[in-house]
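[1] take this sequence and fold it.
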Amino acid sequence: MIKNLKKLLDNYYELKNNPLQITQSNPDPLLVVRDYRNHEFFEEIALICALLSYGNAKQILSTLQKLDFSLLNTSVACIQKASFPFYRFQTSADIKNLFIAIYQTIHTSKLKNLIIEGYHKHQNVIDGIHCGIYHLSEILEKSNYKTKGIDFLLGKIQPNPKGSSPLKRWNMFLRWMVRKDNLDFGVWQEIHKAKLVLPLDTHTFRICTQLDLLQRKTYDLYAALLATQSLRRLDPLDPVKYDFALYRMGQEKTKIQN
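    As a prediction, the model looks like this:
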């Protein structure tokens, strides 16, 4: 059973591990992220893209392509004067203040350092994510900016994985930064890819259930951890390599024969 499942997912991984699988008509936020691969603030741009990556893929891409990331090279005053789109639960002011918080992080603590410091305490990427959430939330609270839209965008720190958010967008961001293949960038060597957590969304949750990678019926962080544990049986050193393939299988409603 495991051998057959591994063969199925390895084949689908090889099929989908191709930049040509991501296009304007077959979108993914990576289509925008990879355009900034050589930008000095690549990691921060990637995080903004990841945090806004929820909902319809074409709408996500449309929103990301409207953002002026060159503002991160300017000043808070310039960002304040700029226009921003709104997106679903986020007003234009929410997205503007996210840019300001990211800008301030660039010029103080550096996002990478914060996340890696949190990770190294227990070799746990969720701890690293919590450090990132805490830092950005603190910046916004100091500027007296707090809305439901920005809270949703950043995510919440919840010590119990049962019933808490899967942190899909943050885990996807770490996948981009840590793994290296034809889609992911692998620019952070300080975190081992074996420690990553599956960026569980509704598509991957459904397909993981169909493949018997997951028996939990609740869509939460605990489910993401359980699914990752199952994937480690297939590839202990790189379990999250299957994420994009699983996502596409779910999105395309692939018929499973295993």
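[2] residue 184 and residue 174 touch, don't they?
    No. Here residue 184 does not reach residue 174: they are 9.9 Å apart, not a contact under Cβ atoms under 8 Å. For glycine as for every other residue, the C-beta is placed from the backbone atoms N, C-alpha and C.
[3] point out where this structure drops to low pLDDT.
    1, 256-258 (pLDDT under 70).
[4] quick check: longest helix in it by residues?
    helix 125-142 (DSSP state H).
[5] which residues are in contact with that helix?
    Contacts to helix 125-142, defined as Cβ atoms under 8 Å, 6 or more residues apart in numbering, come from residues 47, 97-98, 100-102, 104-105, 109, 111, 114-119, 121, 146, 150, 154-157, 161, 167, 170-171, 174, 191, 195-197, 221.
[6] tell me the buried residues within those residues.
    47, 97-98, 100-102, 104-105, 111, 114-116, 118-119, 150, 154-155, 157, 161, 167, 170-171, 174, 191, 195-197, 221 (16 or more other Cβ atoms under 10 Å).
[7] wait, what's in contact with the residue lying closest to residue 13 once chain neighbours are set aside?
    Leaving aside its chain neighbours, residue 13 sits nearest to residue 245 (4.6 Å; criterion: Cβ to Cβ, 6 or more residues apart in numbering). By Cβ under 8 Å, 6+ apart, residue 245 lies in contact with 9, 12, 13, 15, 16, 17.
[8] now with 6 Å, please.
    Neighbouring residues of residue 245 by Cβ atoms under 6 Å, 6 or more residues apart in numbering: 12, 13, 16.
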